[in-house]
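1. Sharing a model that was predicted from the sequence below.
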Amino acid sequence: MTLLELKDIGYQVADVTVLQQINLQVAEQDYITITGPSGSGKSTLLRIIAGLLTRTSGQLLLAGKEWADYDPILYRRQVSYAVQQPQLFGQTVADNLRFPFQIRQQNFDSKQATAALARVNLPVAYLDKPINDLSGGERQRVAILRHLLFPPQLLLLDEISTGLDNENKQILHQEIMRMNREKGVTILAVTHDNEEINGANRLVKIVAGRMEVGQ
Amino acid sequence: MNLAVSNTTLIFAVLLVFVALAIGYREKLGMNKDIIIGVIRAIVQLIVVGYLLKYVFHVNNVWLTLVLMLIIIFNAAYNASKRAAGIRHALPISLLAILSSTGLTLVVLVFSGSIKFIPAQMIPISGMIASNSMVAIGLCYRNMNTSFRDRRQQVLERLALGADLRLASIDIVRESIRTGMSPTIDSAKTVGIVSLPGMMSGLIFAGVDPVHAIKYQILVTFMLLSATSIGSVIACYLAYRQFFNEQKQLL
Ligand SMILES: Nc1ncnc2c1ncn2[C@@H]1O[C@H](COP(=O)(O)OP(=O)(O)OP(=O)(O)O)[C@@H](O)[C@H]1O
Ligand SMILES: [Mg+2]
(Lines give C-alpha, C1' and ligand atoms only; values in the text may rest on other atoms or scores of the structure.)
(Ligands and ions follow the chains in the order given, each with its own letter.)
Protein backbone atom coordinates (compact mmCIF):
# COMPACT_ATOMS: atom_id res chain seq x y z
CA MET A 1 0.00 0.00 0.00
CA THR A 2 1.16 3.52 -0.69
CA LEU A 3 1.96 5.43 2.47
CA LEU A 4 3.22 8.68 1.02
CA GLU A 5 2.47 10.25 -2.30
CA LEU A 6 4.00 13.41 -3.73
CA LYS A 7 2.31 14.82 -6.81
CA ASP A 8 4.05 17.58 -8.69
CA ILE A 9 5.40 19.17 -5.53
CA GLY A 10 7.03 22.54 -6.08
CA TYR A 11 8.49 25.07 -3.69
CA GLN A 12 9.22 28.67 -4.48
CA VAL A 13 10.38 31.50 -2.22
CA ALA A 14 10.25 35.01 -3.58
CA ASP A 15 11.33 34.29 -7.17
CA VAL A 16 13.68 31.40 -6.36
CA THR A 17 12.47 27.97 -7.38
CA VAL A 18 13.86 25.54 -4.83
CA LEU A 19 11.90 22.48 -5.91
CA GLN A 20 9.79 21.64 -8.95
CA GLN A 21 7.76 18.71 -10.20
CA ILE A 22 8.65 16.29 -7.48
CA ASN A 23 6.69 13.06 -7.94
CA LEU A 24 7.22 10.16 -5.60
CA GLN A 25 5.30 7.21 -4.24
CA VAL A 26 6.53 5.55 -1.10
CA ALA A 27 5.09 2.18 -0.12
CA GLU A 28 4.57 1.12 3.47
CA GLN A 29 7.76 -0.25 5.04
CA ASP A 30 9.77 1.02 2.09
CA TYR A 31 13.34 2.23 2.58
CA ILE A 32 14.22 4.98 0.14
CA THR A 33 17.42 7.00 0.04
CA ILE A 34 17.72 10.46 -1.45
CA THR A 35 20.95 11.90 -2.66
CA GLY A 36 22.07 14.91 -4.65
CA PRO A 37 24.46 17.85 -4.58
CA SER A 38 24.51 20.42 -1.81
CA GLY A 39 21.79 23.03 -2.20
CA SER A 40 19.71 20.87 -4.53
CA GLY A 41 16.68 21.01 -2.24
CA LYS A 42 16.83 17.74 -0.28
CA SER A 43 16.27 19.24 3.17
CA THR A 44 13.55 21.49 1.80
CA LEU A 45 11.75 18.43 0.45
CA LEU A 46 11.96 16.65 3.81
CA ARG A 47 10.70 19.77 5.59
CA ILE A 48 7.70 19.86 3.28
CA ILE A 49 6.98 16.17 3.83
CA ALA A 50 7.35 16.74 7.59
CA GLY A 51 4.76 19.51 7.46
CA LEU A 52 7.21 22.16 8.66
CA LEU A 53 6.95 24.01 5.36
CA THR A 54 4.01 24.27 3.00
CA ARG A 55 4.72 23.46 -0.65
CA THR A 56 3.74 26.18 -3.07
CA SER A 57 2.31 23.75 -5.62
CA GLY A 58 1.30 20.11 -5.94
CA GLN A 59 -0.18 17.61 -3.52
CA LEU A 60 1.11 15.77 -0.49
CA LEU A 61 -0.83 12.72 0.61
CA LEU A 62 -0.24 10.50 3.63
CA ALA A 63 -2.17 7.23 3.57
CA GLY A 64 -4.32 8.69 0.81
CA LYS A 65 -5.30 11.76 2.82
CA GLU A 66 -4.21 15.28 1.95
CA TRP A 67 -1.66 16.73 4.38
CA ALA A 68 -3.73 19.88 4.97
CA ASP A 69 -6.59 17.74 6.29
CA TYR A 70 -4.50 16.35 9.13
CA ASP A 71 -4.00 18.03 12.47
CA PRO A 72 -0.45 19.36 11.96
CA ILE A 73 0.81 18.26 15.38
CA LEU A 74 -0.58 14.72 15.17
CA TYR A 75 0.71 14.44 11.61
CA ARG A 76 4.24 15.27 12.77
CA ARG A 77 4.11 12.49 15.35
CA GLN A 78 3.45 10.05 12.48
CA VAL A 79 5.95 11.65 10.11
CA SER A 80 8.98 12.24 12.26
CA TYR A 81 11.76 14.38 10.83
CA ALA A 82 15.29 13.98 12.17
CA VAL A 83 16.95 17.23 11.11
CA GLN A 84 20.38 17.78 9.66
CA GLN A 85 22.69 18.74 12.57
CA PRO A 86 20.32 18.28 15.49
CA GLN A 87 20.65 20.04 18.83
CA LEU A 88 19.96 18.38 22.14
CA PHE A 89 17.53 19.88 24.64
CA GLY A 90 17.86 20.68 28.33
CA GLN A 91 20.70 19.45 30.53
CA THR A 92 20.90 15.66 30.43
CA VAL A 93 20.30 12.74 28.10
CA ALA A 94 17.15 11.97 30.10
CA ASP A 95 15.76 15.44 29.31
CA ASN A 96 15.93 14.51 25.65
CA LEU A 97 14.40 11.08 25.96
CA ARG A 98 11.68 12.49 28.20
CA PHE A 99 10.54 14.94 25.54
CA PRO A 100 8.66 12.44 23.31
CA PHE A 101 6.74 11.31 26.42
CA GLN A 102 6.07 14.89 27.47
CA ILE A 103 4.54 15.89 24.16
CA ARG A 104 2.19 12.89 24.37
CA GLN A 105 1.34 13.71 27.98
CA GLN A 106 2.68 10.38 29.15
CA ASN A 107 4.82 9.58 32.15
CA PHE A 108 8.46 9.04 31.38
CA ASP A 109 9.13 5.31 31.10
CA SER A 110 12.77 5.00 32.11
CA LYS A 111 12.81 1.28 31.31
CA GLN A 112 11.82 1.98 27.75
CA ALA A 113 14.41 4.77 27.59
CA THR A 114 17.26 2.61 28.90
CA ALA A 115 16.30 -0.20 26.53
CA ALA A 116 16.48 2.27 23.66
CA LEU A 117 19.87 3.52 24.86
CA ALA A 118 21.14 -0.05 25.01
CA ARG A 119 20.14 -0.66 21.40
CA VAL A 120 22.48 2.11 20.30
CA ASN A 121 25.27 0.87 22.61
CA LEU A 122 24.83 3.46 25.35
CA PRO A 123 24.86 2.24 28.98
CA VAL A 124 22.08 2.93 31.48
CA ALA A 125 24.29 5.40 33.36
CA TYR A 126 24.09 7.71 30.34
CA LEU A 127 20.56 8.65 31.26
CA ASP A 128 21.84 11.24 33.74
CA LYS A 129 24.82 12.27 31.68
CA PRO A 130 25.03 16.01 30.88
CA ILE A 131 24.59 16.55 27.16
CA ASN A 132 27.75 18.66 27.03
CA ASP A 133 29.82 15.64 28.05
CA LEU A 134 28.71 13.53 25.08
CA SER A 135 30.91 12.81 22.07
CA GLY A 136 29.65 13.81 18.62
CA GLY A 137 28.58 10.27 17.80
CA GLU A 138 26.85 9.82 21.13
CA ARG A 139 24.97 13.08 20.67
CA GLN A 140 23.73 11.96 17.29
CA ARG A 141 22.59 8.61 18.69
CA VAL A 142 20.65 10.32 21.49
CA ALA A 143 19.18 12.80 19.00
CA ILE A 144 17.89 10.00 16.78
CA LEU A 145 16.48 8.02 19.70
CA ARG A 146 14.04 10.85 20.35
CA HIS A 147 12.38 9.91 17.07
CA LEU A 148 12.36 6.17 17.76
CA LEU A 149 10.84 5.89 21.24
CA PHE A 150 7.39 6.07 19.70
CA PRO A 151 7.91 4.53 16.24
CA PRO A 152 6.38 6.81 13.60
CA GLN A 153 4.78 5.61 10.38
CA LEU A 154 7.32 7.49 8.34
CA LEU A 155 10.79 8.47 9.47
CA LEU A 156 12.61 11.22 7.59
CA LEU A 157 16.37 11.20 8.11
CA ASP A 158 18.46 14.17 6.98
CA GLU A 159 22.11 13.16 6.61
CA ILE A 160 22.16 11.69 10.07
CA SER A 161 25.46 9.87 9.58
CA THR A 162 27.41 12.71 8.01
CA GLY A 163 30.61 13.35 9.94
CA LEU A 164 30.37 10.16 12.00
CA ASP A 165 33.00 7.40 12.10
CA ASN A 166 32.21 3.92 10.82
CA GLU A 167 31.36 2.47 14.19
CA ASN A 168 28.78 5.16 14.91
CA LYS A 169 27.36 4.85 11.41
CA GLN A 170 26.96 1.11 11.87
CA ILE A 171 25.21 1.43 15.20
CA LEU A 172 22.75 3.97 13.84
CA HIS A 173 22.20 2.13 10.60
CA GLN A 174 21.46 -1.13 12.37
CA GLU A 175 18.90 0.49 14.65
CA ILE A 176 17.21 2.19 11.70
CA MET A 177 17.11 -1.10 9.79
CA ARG A 178 15.60 -2.80 12.82
CA MET A 179 12.88 -0.13 13.04
CA ASN A 180 12.19 -0.65 9.35
CA ARG A 181 12.00 -4.45 9.50
CA GLU A 182 10.56 -5.12 12.94
CA LYS A 183 8.39 -2.06 13.56
CA GLY A 184 7.35 -1.51 9.97
CA VAL A 185 8.63 2.08 9.97
CA THR A 186 8.90 3.50 6.46
CA ILE A 187 12.21 5.29 5.90
CA LEU A 188 13.07 8.21 3.66
CA ALA A 189 16.71 9.06 4.18
CA VAL A 190 18.88 11.78 2.67
CA THR A 191 22.38 10.33 2.66
CA HIS A 192 25.68 10.28 0.83
CA ASP A 193 26.70 7.00 2.45
CA ASN A 194 27.12 4.25 -0.13
CA GLU A 195 26.50 1.48 2.31
CA GLU A 196 23.18 2.96 3.32
CA ILE A 197 22.25 3.58 -0.31
CA ASN A 198 23.04 -0.03 -1.19
CA GLY A 199 20.99 -1.35 1.72
CA ALA A 200 17.92 0.64 0.64
CA ASN A 201 15.19 -0.43 -1.78
CA ARG A 202 15.40 2.57 -4.02
CA LEU A 203 17.53 5.65 -4.68
CA VAL A 204 16.11 9.02 -5.62
CA LYS A 205 18.40 11.69 -6.95
CA ILE A 206 17.61 15.37 -6.67
CA VAL A 207 19.56 17.80 -8.80
CA ALA A 208 18.80 21.51 -8.82
CA GLY A 209 15.33 21.01 -7.39
CA ARG A 210 14.27 18.29 -9.85
CA MET A 211 14.36 14.57 -9.35
CA GLU A 212 15.94 11.76 -11.29
CA VAL A 213 14.74 8.30 -10.34
CA GLY A 214 17.24 5.43 -10.25
CA GLN A 215 16.72 1.67 -10.34
CA MET B 1 3.46 71.11 53.72
CA ASN B 2 6.57 73.11 53.12
CA LEU B 3 6.94 72.62 49.40
CA ALA B 4 7.36 75.53 47.08
CA VAL B 5 9.36 75.90 43.94
CA SER B 6 8.87 79.45 42.76
CA ASN B 7 9.12 80.41 39.12
CA THR B 8 12.26 82.40 39.90
CA THR B 9 13.86 79.31 41.41
CA LEU B 10 13.02 77.36 38.26
CA ILE B 11 14.64 79.98 36.07
CA PHE B 12 17.85 79.69 38.06
CA ALA B 13 17.61 75.89 37.80
CA VAL B 14 17.75 76.25 34.02
CA LEU B 15 21.48 76.64 34.64
CA LEU B 16 21.51 72.88 35.10
CA VAL B 17 20.33 72.45 31.53
CA PHE B 18 23.20 74.64 30.36
CA VAL B 19 25.59 72.26 32.13
CA ALA B 20 24.24 69.42 30.00
CA LEU B 21 24.41 71.57 26.87
CA ALA B 22 27.99 72.59 27.63
CA ILE B 23 29.04 68.99 28.06
CA GLY B 24 27.24 68.03 24.86
CA TYR B 25 29.02 70.83 23.01
CA ARG B 26 32.52 70.19 24.39
CA GLU B 27 32.38 66.44 23.88
CA LYS B 28 30.85 66.83 20.41
CA LEU B 29 28.02 64.48 21.34
CA GLY B 30 25.83 65.96 18.63
CA MET B 31 22.79 65.79 20.85
CA ASN B 32 22.24 69.40 21.90
CA LYS B 33 19.21 69.56 19.68
CA ASP B 34 17.81 66.50 21.42
CA ILE B 35 18.51 68.02 24.82
CA ILE B 36 16.69 71.24 23.93
CA ILE B 37 13.73 69.37 22.42
CA GLY B 38 13.65 67.10 25.47
CA VAL B 39 13.62 70.03 27.89
CA ILE B 40 10.94 71.91 25.99
CA ARG B 41 8.77 68.82 25.68
CA ALA B 42 9.15 68.09 29.38
CA ILE B 43 8.11 71.64 30.30
CA VAL B 44 5.13 71.77 27.95
CA GLN B 45 3.87 68.26 28.77
CA LEU B 46 4.19 68.83 32.51
CA ILE B 47 2.40 72.18 32.39
CA VAL B 48 -0.46 70.63 30.43
CA VAL B 49 -0.60 67.64 32.78
CA GLY B 50 -0.45 69.91 35.83
CA TYR B 51 -3.47 71.93 34.76
CA LEU B 52 -5.30 68.87 33.51
CA LEU B 53 -4.83 67.05 36.81
CA LYS B 54 -5.84 70.11 38.77
CA TYR B 55 -9.07 70.24 36.81
CA VAL B 56 -9.75 66.50 37.08
CA PHE B 57 -9.06 66.42 40.81
CA HIS B 58 -11.32 69.40 41.20
CA VAL B 59 -14.37 67.99 39.37
CA ASN B 60 -13.77 64.57 40.96
CA ASN B 61 -15.98 62.70 38.50
CA VAL B 62 -15.87 58.88 38.33
CA TRP B 63 -16.25 58.69 34.55
CA LEU B 64 -13.66 61.33 33.85
CA THR B 65 -11.25 59.49 36.13
CA LEU B 66 -11.89 56.22 34.33
CA VAL B 67 -11.42 57.83 30.93
CA LEU B 68 -8.09 59.26 31.98
CA MET B 69 -7.00 55.90 33.36
CA LEU B 70 -7.92 54.27 30.05
CA ILE B 71 -5.92 56.87 28.16
CA ILE B 72 -2.91 56.13 30.35
CA ILE B 73 -3.35 52.39 29.76
CA PHE B 74 -3.76 52.82 26.03
CA ASN B 75 -0.63 54.98 25.79
CA ALA B 76 1.33 52.41 27.76
CA ALA B 77 0.08 49.62 25.49
CA TYR B 78 0.91 51.60 22.39
CA ASN B 79 4.46 52.24 23.59
CA ALA B 80 4.93 48.61 24.61
CA SER B 81 3.73 47.42 21.21
CA LYS B 82 6.27 49.65 19.48
CA ARG B 83 8.95 47.56 21.15
CA ALA B 84 7.48 44.37 19.69
CA ALA B 85 9.40 44.87 16.44
CA GLY B 86 7.10 42.97 14.14
CA ILE B 87 5.27 40.61 16.50
CA ARG B 88 1.77 40.38 15.03
CA HIS B 89 -1.18 41.79 16.99
CA ALA B 90 1.22 43.44 19.43
CA LEU B 91 -1.14 46.33 20.18
CA PRO B 92 -4.20 44.28 21.20
CA ILE B 93 -1.96 41.89 23.13
CA SER B 94 -0.28 44.75 25.00
CA LEU B 95 -3.60 46.40 25.64
CA LEU B 96 -5.09 43.26 27.12
CA ALA B 97 -1.96 42.62 29.21
CA ILE B 98 -1.73 46.15 30.62
CA LEU B 99 -5.47 46.48 31.10
CA SER B 100 -5.58 43.23 33.07
CA SER B 101 -2.47 43.90 35.12
CA THR B 102 -3.49 47.46 35.97
CA GLY B 103 -7.14 46.56 36.50
CA LEU B 104 -6.55 43.57 38.75
CA THR B 105 -3.93 45.32 40.83
CA LEU B 106 -6.12 48.40 41.29
CA VAL B 107 -9.13 46.30 42.26
CA VAL B 108 -7.10 44.63 45.01
CA LEU B 109 -5.71 47.97 46.18
CA VAL B 110 -9.12 49.64 46.29
CA PHE B 111 -10.95 46.73 47.94
CA SER B 112 -8.24 46.27 50.55
CA GLY B 113 -8.68 49.93 51.37
CA SER B 114 -5.06 50.71 50.51
CA ILE B 115 -6.13 53.50 48.17
CA LYS B 116 -9.36 55.36 47.67
CA PHE B 117 -11.24 55.70 44.43
CA ILE B 118 -10.51 59.39 44.03
CA PRO B 119 -8.71 60.88 41.05
CA ALA B 120 -5.80 62.16 43.14
CA GLN B 121 -4.96 58.56 44.05
CA MET B 122 -6.27 56.49 41.15
CA ILE B 123 -4.58 58.44 38.37
CA PRO B 124 -1.01 58.56 39.69
CA ILE B 125 -1.19 54.92 40.81
CA SER B 126 -2.58 53.79 37.44
CA GLY B 127 0.27 55.63 35.77
CA MET B 128 2.85 53.90 37.94
CA ILE B 129 1.38 50.46 37.39
CA ALA B 130 0.80 50.89 33.66
CA SER B 131 4.27 52.28 33.00
CA ASN B 132 5.93 49.46 34.89
CA SER B 133 3.83 46.90 33.00
CA MET B 134 4.79 48.66 29.80
CA VAL B 135 8.49 48.35 30.51
CA ALA B 136 8.12 44.72 31.57
CA ILE B 137 6.13 43.80 28.46
CA GLY B 138 8.61 45.63 26.23
CA LEU B 139 11.39 43.51 27.73
CA CYS B 140 9.33 40.36 27.18
CA TYR B 141 8.89 41.18 23.50
CA ARG B 142 12.55 41.96 23.00
CA ASN B 143 13.59 38.68 24.64
CA MET B 144 11.05 36.73 22.59
CA ASN B 145 12.25 38.14 19.32
CA THR B 146 15.88 37.38 20.14
CA SER B 147 15.17 33.90 21.45
CA PHE B 148 12.97 32.84 18.56
CA ARG B 149 15.74 33.96 16.22
CA ASP B 150 18.66 32.42 18.15
CA ARG B 151 16.90 29.20 19.01
CA ARG B 152 15.00 28.73 15.79
CA GLN B 153 16.63 25.35 15.20
CA GLN B 154 15.58 24.02 18.61
CA VAL B 155 12.00 25.16 18.15
CA LEU B 156 11.90 23.55 14.70
CA GLU B 157 13.23 20.32 16.09
CA ARG B 158 10.63 20.22 18.82
CA LEU B 159 7.94 20.78 16.21
CA ALA B 160 9.46 18.05 14.06
CA LEU B 161 9.11 15.68 17.01
CA GLY B 162 5.40 16.49 17.16
CA ALA B 163 5.38 18.97 20.02
CA ASP B 164 2.50 21.41 20.19
CA LEU B 165 3.25 25.12 20.01
CA ARG B 166 3.31 25.51 23.78
CA LEU B 167 5.86 22.75 24.37
CA ALA B 168 7.92 23.88 21.39
CA SER B 169 8.26 27.37 22.88
CA ILE B 170 7.89 26.86 26.62
CA ASP B 171 11.55 27.56 27.43
CA ILE B 172 11.41 30.81 25.50
CA VAL B 173 8.10 31.81 27.08
CA ARG B 174 9.38 31.18 30.61
CA GLU B 175 12.62 32.99 29.99
CA SER B 176 10.76 35.97 28.52
CA ILE B 177 8.46 36.20 31.53
CA ARG B 178 11.51 36.10 33.79
CA THR B 179 13.15 38.85 31.75
CA GLY B 180 10.05 41.01 32.05
CA MET B 181 9.79 40.59 35.80
CA SER B 182 13.43 40.73 36.81
CA PRO B 183 13.89 44.55 36.95
CA THR B 184 10.98 44.79 39.41
CA ILE B 185 12.36 41.96 41.51
CA ASP B 186 15.85 43.45 41.43
CA SER B 187 14.60 46.84 42.49
CA ALA B 188 12.51 45.25 45.26
CA LYS B 189 15.73 43.76 46.56
CA THR B 190 17.63 47.03 46.62
CA VAL B 191 14.83 49.41 47.52
CA GLY B 192 15.91 51.77 50.30
CA ILE B 193 19.53 50.65 50.04
CA VAL B 194 20.54 51.93 46.64
CA SER B 195 17.84 54.48 46.07
CA LEU B 196 14.88 56.02 47.76
CA PRO B 197 12.15 55.44 45.21
CA GLY B 198 10.06 58.25 43.77
CA MET B 199 6.90 57.65 45.75
CA MET B 200 8.70 57.56 49.08
CA SER B 201 11.01 60.47 48.27
CA GLY B 202 8.00 62.52 47.25
CA LEU B 203 6.19 61.85 50.50
CA ILE B 204 9.27 62.58 52.62
CA PHE B 205 9.85 65.73 50.59
CA ALA B 206 6.31 66.82 51.29
CA GLY B 207 6.94 66.46 54.99
CA VAL B 208 5.46 63.01 55.69
CA ASP B 209 7.05 60.99 58.49
CA PRO B 210 9.50 58.51 56.84
CA VAL B 211 8.08 55.65 58.91
CA HIS B 212 4.74 56.46 57.38
CA ALA B 213 6.18 56.94 53.91
CA ILE B 214 7.75 53.48 53.83
CA LYS B 215 4.33 51.90 54.19
CA TYR B 216 3.37 53.44 50.89
CA GLN B 217 6.59 52.23 49.36
CA ILE B 218 5.92 48.70 50.58
CA LEU B 219 2.51 48.95 48.96
CA VAL B 220 4.10 50.16 45.74
CA THR B 221 6.57 47.26 45.77
CA PHE B 222 3.72 44.77 46.13
CA MET B 223 1.61 46.33 43.44
CA LEU B 224 4.45 46.55 40.93
CA LEU B 225 5.34 42.90 41.50
CA SER B 226 1.76 41.92 40.83
CA ALA B 227 1.40 44.22 37.84
CA THR B 228 4.60 43.20 36.07
CA SER B 229 3.97 39.51 36.64
CA ILE B 230 0.39 39.63 35.36
CA GLY B 231 1.40 41.80 32.41
CA SER B 232 4.38 39.63 31.46
CA VAL B 233 2.48 36.36 31.71
CA ILE B 234 -0.44 37.56 29.59
CA ALA B 235 1.77 39.22 26.99
CA CYS B 236 4.13 36.25 26.66
CA TYR B 237 1.41 33.61 26.46
CA LEU B 238 -0.38 35.55 23.76
CA ALA B 239 2.72 36.65 21.88
CA TYR B 240 4.50 33.32 21.34
CA ARG B 241 1.69 32.04 19.16
CA GLN B 242 2.32 34.91 16.77
CA PHE B 243 5.60 33.30 15.77
CA PHE B 244 3.69 30.45 14.12
CA ASN B 245 1.22 30.28 11.27
CA GLU B 246 -2.11 28.55 10.87
CA GLN B 247 -0.41 25.25 9.94
CA LYS B 248 1.59 25.48 13.18
CA GLN B 249 4.78 26.15 11.27
CA LEU B 250 7.47 28.47 12.55
CA LEU B 251 7.39 31.71 10.58
N1 LIG C 1 13.47 30.29 2.71
C2 LIG C 1 14.38 30.27 1.72
N3 LIG C 1 14.69 31.41 1.09
C4 LIG C 1 15.58 31.42 0.10
N5 LIG C 1 16.24 30.34 -0.31
C6 LIG C 1 15.99 29.16 0.29
C7 LIG C 1 15.04 29.07 1.34
N8 LIG C 1 14.99 27.79 1.75
C9 LIG C 1 15.87 27.13 0.99
N10 LIG C 1 16.47 27.95 0.10
C11 LIG C 1 17.48 27.56 -0.89
O12 LIG C 1 17.10 26.36 -1.46
C13 LIG C 1 18.21 25.57 -1.77
C14 LIG C 1 18.03 24.19 -1.24
O15 LIG C 1 18.27 24.16 0.17
P16 LIG C 1 18.28 22.77 0.95
O17 LIG C 1 18.64 23.05 2.36
O18 LIG C 1 17.01 22.06 0.71
O19 LIG C 1 19.47 22.00 0.23
P20 LIG C 1 20.07 20.57 0.50
O21 LIG C 1 19.92 19.79 -0.74
O22 LIG C 1 19.52 19.99 1.75
O23 LIG C 1 21.62 20.90 0.71
P24 LIG C 1 22.70 20.23 1.69
O25 LIG C 1 23.12 18.95 1.04
O26 LIG C 1 23.82 21.19 1.70
O27 LIG C 1 22.07 20.04 3.01
C28 LIG C 1 19.43 26.30 -1.25
O29 LIG C 1 20.05 26.96 -2.32
C30 LIG C 1 18.83 27.30 -0.28
O31 LIG C 1 19.62 28.46 -0.21
MG1 LIG D 1 20.24 19.54 3.62
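-> Perfect, thanks for sending it. Ligands and ions are numbered 1, 2, ... in the order given.
2. A:Glu212 in helix, strand or coil?
-> Secondary structure assignment for A:Glu212 (DSSP: H, G, I helix; E, B strand; the rest coil): strand.
3. Assign the residue lying closest to it once chain neighbours are set aside to helix, strand or coil.
-> Residue nearest to A:Glu212 in three dimensions, not counting chain neighbours: A:Lys205, with 4.4 Å by CB to CB, 6 or more residues apart in numbering or on different chains. Where you see a C-beta, it was placed from the backbone N, CA and C, and this is true even at glycine. Secondary structure of A:Lys205, reduced to three states by three-state DSSP: strand.
4. Touching, A:Lys205 and A:Thr35? I think so.
-> Yes: between A:Lys205 and A:Thr35 a contact is recorded at 5.7 Å, counting by CB atoms under 8 Å.
5. between these two, who's got more neighbours?
-> Using other CB atoms under 10 Å in any protein chain shown as the criterion, A:Lys205 and A:Thr35 rank with A:Thr35 on top: 21 against 16.
6. which residues sit in contact with the more buried one?
-> A:42, A:190-192, A:197, A:203-206 (CB atoms under 8 Å, 6 or more residues apart in numbering or on different chains).
7. circling back: what's the per-residue pLDDT of the residue nearest to A:Glu212 here?
-> pLDDT recorded at A:Lys205 is 85.
8. how near is it to ligand 2?
-> 14 Å (CB to the ion, to the nearest Å).
9. Quickly note the distance from that residue to A:Ser38.
-> 13 Å (CB to CB, to the nearest Å).
10. again, but for B:Pro124
-> For B:Pro124, the distance to A:Ser38 equals 63 Å [CB to CB].
11. Work out the gap between stretch A:121-132 and the centre of the chain.
-> Counting by CA atoms, centre = their mean, to the nearest Å, stretch A:121-132 is centred 22 Å from the centre of its parent chain.
12. same thing with stretch B:25-39?
-> That offset, for stretch B:25-39, works out to 26 Å (CA atoms, centre = their mean).
13. quick one: buried residues of that stretch?
-> B:31, B:35 (16 or more other CB atoms under 10 Å in any protein chain shown).
14. what's around residue 55, how many residues?
-> Went with chain A since none was named. Neighbour number of A:Arg55 under other CB under 10 Å is 21.
15. Chain B was what I was after
-> Count around B:Tyr55 with other CB under 10 Å applied: 11.
16. A:Lys111 too?
-> 9.
17. Show me what the helix or strand containing it is packed up against.
-> Applying DSSP states H and E as the criterion places A:Lys111 in helix A:110-119. Contacts defined by 3 or more CB pairs under 8 Å, 6 or more residues apart in numbering or on different chains; DSSP states H and E place helix A:110-119 against helix A:93-103, helix A:136-148.
18. can you give me the angle it makes with helix A:93-103?
-> Taking axes from the mean of the first three to the mean of the last three CA atoms, to 10 degrees, one finds helix A:110-119 and helix A:93-103 inclined to each other by 130 degrees.
19. contacting residues around helix A:110-119?
-> Here helix A:110-119 makes contact (CB under 8 Å, 6+ apart) with A:93-94, A:97-98, A:123-124, A:126-127, A:145, A:148-149, A:175, A:178.
20. again, 7 Å this time
-> A:97, A:124, A:126-127, A:145, A:148-149, A:175 (CB atoms under 7 Å, 6 or more residues apart in numbering or on different chains).
21. just to revisit the earlier point, surely the residue nearest to A:Glu212 and A:Thr33 touch.
-> No: between A:Lys205 and A:Thr33 there is no contact under CB atoms under 7 Å: 9.6 Å.
22. residue contacts, the closest residue to chain B within chain A?
-> In chain A, the residue that lies nearest chain B is A:Arg77 (3.4 Å; CB to the nearest CB). Residues near A:Arg77 by CB under 7 Å, 6+ apart: A:152, B:162.
23. you'd agree it is in a helix?
-> Yes: with the criterion set as three-state DSSP, the secondary structure at A:Arg77 is a helix.
24. Can you read off the pLDDT for it?
-> Reported pLDDT for A:Arg77: 94.
25. Where does the prediction get shaky in chain A?
-> Chain A contains residues with pLDDT under 70 at A:213-215.
26. So which residues on it come close to ligand 1?
-> A:13, A:16, A:18, A:36, A:38-44, A:84 (CB under 6 Å from any ligand atom).
27. If you rank every helix and strand of chain B by mean pLDDT, what lands last?
-> Counting by mean pLDDT, DSSP states H and E, chain B has its least confident helix or strand at helix B:198-205, which shows a mean of 82.
28. Can you point out the buried residues in it?
-> B:199-200, B:203-204.
29. swap in stretch A:128-145?
-> Buried residues in stretch A:128-145 (16+ other CB under 10 Å): A:129, A:131, A:134, A:137-145.
30. Those residues into CSV, with extra columns for distance to chain B?
-> As requested, these are exported to CSV (distance: CB to the nearest CB, whole Å):
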residue, distance to chain B
A:Lys129, 19
A:Ile131, 12
A:Leu134, 16
A:Gly137, 19
A:Glu138, 17
A:Arg139, 13
A:Gln140, 13
A:Arg141, 16
A:Val142, 13
A:Ala143, 8
A:Ile144, 11
A:Leu145, 11
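31. Return the member of the residues of chain A next to ligand 1 nearest to B:Ala90.
-> A:Val13 (25.4 Å; CB to CB).
32. Give me the neighbour count for residue 174.
-> Using chain A here. 13.
33. wait, I meant chain B there
-> Neighbours around B:Arg174, by other CB under 10 Å: 11.
34. In contact with B:Tyr55: list those residues for me.
-> Contacts of B:Tyr55 by CB under 7 Å, 6+ apart: none found.
35. hang on, the earlier thing: quick one, which of the helices and strands packed on helix A:110-119 is nearest to ligand 2?
-> Nearest to ligand 2 among the helices and strands packed on helix A:110-119 is helix A:136-148 (15.3 Å), distances taken as CB to the ion.
36. Give me the contacts around the helix or strand following that closest one.
-> Toward the C-terminal end, the helix or strand that comes next after helix A:136-148 (DSSP H and E) is strand A:154-158. Strand A:154-158 has contacts (CB under 7 Å, 6+ apart) with A:3-4, A:43, A:46, A:49-50, A:78-84, A:147, A:179, A:185-190.
37. Lovely, talk soon.
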